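J.: Predicted coordinates and the sequence they were generated for:
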Amino acid sequence: MKLLHALWALALLCVAPLVWAEEPDHTIHEELRGVLREVVAAMNSGQYDQMLPYLTEDVEATSITQEVMSSRADVSKYFQEWFGPTGYIRKMEMSLDADKLTELSPDKSWGLVRGKALEHYEAKDGNLFDFVTHWTAVMVRSDDGKWRLRAIHFGTNHLDNPVLTKVAAHAGARRHHRGDRQPHRRLGAWLVDRTPRPRACPADLTRVPPPSGDANGCAILTRTRSER
């Protein structure tokens with residue numbers, strides 16, 4: 001058995017250099033993967049400020065809620081307001097995966113990458129929500145030689161919103177509990193309530209068939225001199 005394990009380890013050692021050789025700019029991509037791991041670890045542990053050194057000072061970010069941030073301080077404020085003991089949400093966990101290798105600039109000073117994410121939220125009332133998102137990011141090599149996140153934008157399909165789905169299901173359960181089981185009557189009442197009704201004509205107007213009258217079917221009375 002030990003001999004078998006040794007053979008497997010030897011095979012892996014022989015294959016790994018070949019894989020690295022096939023990946024262009026392997027050292028750079030490993031550094032970029034390291035940045036991604038550190039940022040995700042900081043978010044999932046709730047130690048949000050630990051991600052800040054991996055962002056540029058003037059980072060531009062757009063969250064899933066479409067809130068815009070333009071600095072490290074903005075990013076820190078966003079996470080402190082949304083998550084944790086004083087935030088709106090008790091906890092968030094996220095997984096980020098790149099769709100492909102970062103596309104590097106010719107001078108290898110910056111790169112463009114996109115990917116997908118699964119964002120898991122735990123509300124303070126115990127409700128759980130999972131959002132599938134997609135992201136696009138720009139990475140830059142700073143003056144100290146380290147790669148940092150310069151910009152990132154998150155987007156999701158808001159027509160497939162787990163929060164709205166849960167709210168709608170809860171509202172439907174409440175209607176069912178009340179015994180309100182005649183949707184055709186509710187729809188009819190809704191339409192009747194919204195059907196425009198003609199207003200009463202003022203004293204000096206009379207109702208006439210359209211198109212003689214105005215939009216409400218009223219026209220000015222024609223009076224004789226004796227009536228005046």
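T.: That came through fine.
J.: show me where this protein has strands.
T.: For the chain, the strands defined by DSSP state E cover 55-62, 68-69, 89-98, 103-104, 110-123, 128-141, 147-156, 205-207, 218-220.
J.: Can you lay out those as CSV showing distance to N44, mean neighbour count and mean pLDDT?
T.: In this view, the C-beta of every residue, glycine as well, is placed from N, C-alpha and C. Listed next are those as CSV, based on distance: least, Cβ to Cβ, whole Å; neighbours: other Cβ atoms under 10 Å; pLDDT from 0 to 100:
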stretch, distance to N44, mean neighbour count, mean pLDDT
strand 55-62, 17, 17, 98
strand 68-69, 19, 15, 98
strand 89-98, 5, 15, 94
strand 103-104, 27, 14, 98
strand 110-123, 9, 16, 96
strand 128-141, 14, 17, 95
strand 147-156, 16, 18, 97
strand 205-207, 70, 14, 48
strand 218-220, 68, 16, 50
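J.: Please dump these into CSV; it should also carry distance to P24 for every row.
T.: Formatted as CSV, the strands of the chain follow (distance: least, Cβ to Cβ, whole Å):
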stretch, distance to P24
strand 55-62, 25
strand 68-69, 32
strand 89-98, 15
strand 103-104, 9
strand 110-123, 12
strand 128-141, 16
strand 147-156, 16
strand 205-207, 82
strand 218-220, 79
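J.: and F83, which of the ones you listed is closest to it?
T.: With distances scored as Cβ to Cβ, the stretch of the strands of the chain nearest to F83 is strand 89-98 (5.2 Å).
J.: ok, M92 - contacts?
T.: Each residue near M92 by Cβ atoms under 8 Å, 6 or more residues apart in numbering is listed here: M43, N44, W82, F83, E119, H120, Y121, E122.
J.: quick one: which of the residues you listed is nearest I152?
T.: The nearest member of these to I152, counting by Cβ to Cβ, is M43 at 12.2 Å.
J.: Just the pLDDT for that closest one.
T.: Residue-level confidence at M43 comes out at 95, pLDDT.
J.: what do you get for R33?
T.: 97.
J.: if I look at it, how far off is I89?
T.: Distance from R33 to I89, counting by Cβ to Cβ, to the nearest Å: 28 Å.
J.: same check, this time on N161
T.: Relative to I89, and taking Cβ to Cβ, N161 is found at 15 Å.
J.: pLDDT score for P162?
T.: Predicted confidence (pLDDT) for P162: 65.
J.: Apologies, that question was intended for Y54.
T.: Model confidence at Y54, given as pLDDT, is 98.
J.: give me the number of residues near it?
T.: Number of residues near Y54 (other Cβ atoms under 10 Å) recorded here: 20.
J.: what does K124 give?
T.: Close neighbours of K124, defined as other Cβ under 10 Å, add up to 11.
J.: I figured it hits R90, correct?
T.: Yes. K124 lies in contact with R90 (Cβ atoms under 8 Å); the separation is 4.9 Å.
J.: ranges for the helices of this structure?
T.: Taking DSSP state H, the helices of the chain run over residues 2-22, 26-45, 72-82, 162-178, 183-193.
J.: Can you flag the weakest of those helices by average pLDDT?
T.: When the helices of the chain are compared on mean pLDDT, helix 183-193 scores lowest, with a mean of 45.
J.: Contact partners for M94?
T.: Going by Cβ under 8 Å, 6+ apart, M94 touches V40, M43, N44, A117, L118, E119, H120.
J.: any idea which of these is closest to F154?
T.: When the contacts of M94 are ranked by distance to F154 (Cβ to Cβ), A117 comes first, at 7.2 Å.
J.: which residues does that closest one form a beta bridge with?
T.: Beta-bridge pairing for A117 (DSSP bridges): L96, T133.
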